[in-house]
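> Have a look at this prediction, sequence included:
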Amino acid sequence: ILLHSYDNCIFYAIRLALNLIRNAEQKLSKLGFVGTGSITVAIVEGLHAGEAPAPAILVSPRNAQNAKRLAAAFKGVSVAHDNQQIVDESDITLLAVRPQVAEEVVRALRFRNGQKLVSLVAGIGADTLQTWISEKVDIVQAIPLPFVAARLGFTVICPPDNAAIALFDRVGSTLGIEDQRSLKVFFAASAMMGLYFGLLETASDWLLKEGLEGSAAKHYLNSLFAGLSHAALNSGADFPDLRHEFSTKGGINEQLFRVFSEHGGRSALHEGLDAVMARLNKA
């Protein structure tokens, strides 16, 4: 027993030392965000929500309102004069602009050879990004979701990169993948966020039409879907099994799903995801 306890102490001491080393290394990394939209705001907020000290962060002046708010809220956040300053002064540069302007923004920048660039831009592959940059850079793609602000994010990273994984592990959890096609599939799946709230909106409209008061309808739907998400996260069951578990045979849940399916709900979702995937494949 004493030997077992000693082994455990050694194990935890080594793990603590490794964590201290990793945190020290992370403190040395200065992050620079080219683009200061909602996902940049979410990442910066998430990095400052944990116990570990956040790294120094330089944000783009492109969205002046967001940049000013972040700099005022967090001591280690500064607003750059322009995007080139971000590239020049950051150890890790995160590209967080809309796909429509990505090429114009990237071509105007001068990178260091071997510099790490983490792209958060949907639909533009690493090979395409590299053709816009004269120097050979280390490109990693990531799909952080807005929930990283509350450190609840699940960020897909391609290819698996230690620095990117260490960064996004601090605002949730990560999944490293090797192939671009799987990355596109995850990007397509992330397009369901608007659909999710659109479903709540549609359900709320029906509840209001049936005479419920607005705040009551909103609170009920929020609680219903939050509870369902909690059940899915904490159950080892697959989605079909959960659907059956929450649908009494011959009951109203079973009825609604049947009507939804018969009127093309499931096929519409598949067609929508296929259309998003086709768009990503063309980019």
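It's in.
> Now for the nearest residue to Thr128 once chain neighbours are set aside: which residues touch it?
Leaving aside its chain neighbours, Thr128 sits nearest to Ala283 (7.5 Å; criterion: CB to CB, 6 or more residues apart in numbering). C-beta: built from backbone N, CA, C; applies to glycine. By CB atoms under 8 Å, 6 or more residues apart in numbering, Ala283 lies in contact with Pro99, Gly123, Ile124, Gly125, Thr128.
> Of those, keep whichever come out buried.
Gly123, Ile124, Gly125, Thr128 (16 or more other CB atoms under 10 Å).
> hang on, the earlier thing: closest to Asp274 among the contacts of Ala283?
Gly123 (15.0 Å; CB to CB).
> count of neighbours near the closest residue to Val171 other than its chain neighbours?
Sequence neighbours aside, Gly46 is the residue nearest to Val171 in space, at 3.4 Å (criterion: CB to CB, 6+ apart). Neighbour count of Gly46, defined by other CB atoms under 10 Å: 23.
> can you start the count at 46 instead of 1 from here on
Happy to do that; since the first residue is 46 now, the last one works out to Gly91.
> who touches whatever helix or strand Gly91 lives in?
Using DSSP states H and E, Gly91 falls within helix 83-92. Residues outside helix 83-92 that contact it (CB under 8 Å, 6+ apart): 78, 99-100, 102, 104-105, 111, 114-115, 119, 122, 139, 141, 165, 189, 191-196, 198, 215-217.
> Let's see which of the residues you listed end up in helices.
In this view, the contacts of helix 83-92 that belong to helices under DSSP state H are Asn111, Arg114, Leu115.
> Ser227: which of the residues you listed is nearest?
Nearest to Ser227 among the ones in helices among the contacts of helix 83-92: Asn111, at 31.1 Å, using CB to CB.
> Not counting its neighbours along the chain, what's nearest that closest one?
Counting by CB to CB, 6+ apart, the residue nearest Asn111 is Thr81, at 4.5 Å.
> which residues touch Ala118?
Counting by CB under 8 Å, 6+ apart, Ala118 makes contact with His93.
> And the closest residue to Ser105 other than its chain neighbours, what's its pLDDT?
Take Ser105 and drop its neighbours on the chain: the residue closest to it by CB to CB, 6+ apart is Thr81, 4.8 Å away. Per-residue pLDDT puts Thr81 at 96.
> What of the one 3 residues further on?
The confidence metric pLDDT takes the value 97 at Ile84.
> Report the buried residues of stretch 202-211.
Residues of stretch 202-211 classed as buried under the neighbour-count rule (16+ other CB under 10 Å) are Ile202, Cys203, Asp206, Ala208, Ala209, Ile210.
> hang on, isn't the fifth one packed against Ile188?
Looking back up the chat, that one is Ala209. No - using CB atoms under 8 Å, Ala209 is not in contact with Ile188; the gap is 11.3 Å.
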